[in-house]
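Engineer: got a structure for you, letters missing:
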């Protein structure tokens, strides 16, 4: 088995706690890379990339962990690519 790159889109509950959410995502999930993506009306999503071993349930596990972070209102897997 190889590795896969999983990209999660993490939406904040509100922008007032966005910086805290970013630091919590970094501290809790340890992403390979993080970026900000404007959504609409001043709302910005976190695009977090993870490099993990290819295996069943890897993206679901990351989604569950990200959803448990305070101020994260929505989490979705944007892509899963073999590397």
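Structural biologist: Yes, it's here. These figures come from a predicted structure and were not determined experimentally.
Engineer: And the pLDDT for residue 2?
Structural biologist: Among the per-residue scores, residue 2 shows a pLDDT of 88.
Engineer: how about the helices in the protein?
Structural biologist: Using DSSP state H, the helices found in the chain span residues 18-29, 58-67.
Engineer: which sections of this protein are below the confidence cut-off?
Structural biologist: Counting by pLDDT under 70, the chain has low-confidence residues at 1.
Engineer: one step back: same list (the helices of the chain) but as JSON lines, adding distance to residue 42 and mean neighbour count.
Structural biologist: No exception for glycine: its C-beta is placed from N, CA and C like everyone else's. As requested, the helices of the chain are arranged in JSON lines below (distance: least, C-beta to C-beta, whole Å; neighbours: other C-beta atoms under 10 Å):
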{"stretch": "helix 18-29", "distance to residue 42": "10", "mean neighbour count": "15"}
{"stretch": "helix 58-67", "distance to residue 42": "22", "mean neighbour count": "16"}
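Engineer: do you know how far the closest residue in space to residue 36 that isn't next to it in sequence is from residue 52?
Structural biologist: Leaving aside its chain neighbours, residue 36 sits nearest to residue 44 (5.0 Å; criterion: C-beta to C-beta, 6 or more residues apart in numbering). The gap separating residue 44 from residue 52 is 25 Å, by C-beta to C-beta, to the nearest Å.
Engineer: before we move on, back to that, the residue nearest to residue 36: what's it in contact with?
Structural biologist: When the contact criterion is C-beta atoms under 8 Å, 6 or more residues apart in numbering, the partners of residue 44 are 12, 15, 18, 36-38.
Engineer: Would you list the buried entries among those residues?
Structural biologist: Listed as buried from these are 12, 18; burial here means 16 or more other C-beta atoms under 10 Å.
Engineer: Assess the claim that residue 65 and residue 28 are in contact.
Structural biologist: Yes: under the criterion of C-beta atoms under 8 Å, residue 65 makes contact with residue 28 at 6.8 Å.
Engineer: which residues are in contact with both of those two?
Structural biologist: Taking C-beta under 8 Å, 6+ apart as the criterion, residue 65 and residue 28 do not both touch any residue.
Engineer: Quick check: residue 13 vs residue 40, distance?
Structural biologist: As judged by C-beta to C-beta, residue 13 and residue 40 stand 15 Å apart.
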